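[1] Predicted coordinates and the sequence they were generated for:
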Amino acid sequence: MGVRRIRWRIGVAGSRLLRTPEPRPGDVLVVGGEASVQFAGERRLRFRVISVDPKPTYEGWLWVTGYVIDKSGDAAERREIFVQRQGLFRLPRRGEQP
């Protein structure tokens, strides 16, 4: 199964982002400083979720596994990130209105 290409610019997508306290496999998240200080400013990234670890961690935090999406919309790197649930934003799913 190939990785679906995603093309968007931060400025255009910014008005379409949705808070997502419960990310699901297939979601494309924008992970920035609200999720964790390590992703603040220019270190913000787009991230396609593969899985969310169900094991409990610190209150409001979770481990998410997925792929960093590069500027051309391709999966560039597989990573596991530790982020605050309330700091996650996602692009709308197909057919979903923002």
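    Great, that's in hand.
[2] give me the beta-bridge partners of the residue most central in space within the chain?
    With the centre of the chain defined as its mean C-alpha position, the nearest residue by CA atoms, centre = their mean is L29, 2.1 Å away. When bridges are called by DSSP bridges, L29 pairs up with F47, R90.
[3] give me every residue that touches it.
    L29 makes contacts with T20, P23, R46, F47, R48, V49, V64, G66, L88, F89, R90, as judged by CB atoms under 8 Å, 6 or more residues apart in numbering. For glycine as for every other residue, the C-beta is placed from the backbone atoms N, C-alpha and C.
[4] next one: G87
    Contacts for G87 (CB under 8 Å, 6+ apart) come out as V31, G32, G33, E34, A35, S36.
[5] Can you list phi and psi of it for me?
    Here the main-chain torsion angles of G87 (degrees, to the nearest 10) amount to phi -100, psi 10.
[6] how near is it to R44?
    Here G87 is placed at a distance of 11 Å from R44 (CB to CB, to the nearest Å).
[7] which neighbours do the two share?
    With CB under 8 Å, 6+ apart applied, the overlap between the contact sets of G87 and R44 consists of V31, G32, G33.
[8] Which members of those residues are positioned in strands?
    With strands identified by DSSP state E, the entries of these that belong to them are V31.
[9] count of neighbours near I69?
    For I69, the count of nearby residues is 24 (other CB atoms under 10 Å).
[10] Run a quick neighbour tally on the closest residue in space to it that isn't next to it in sequence.
    Spatial nearest neighbour of I69, chain neighbours left out: R46 (4.0 Å); criterion: CB to CB, 6 or more residues apart in numbering. By other CB under 10 Å, 22 other residues sit near R46.
[11] Alright, calling it a day.
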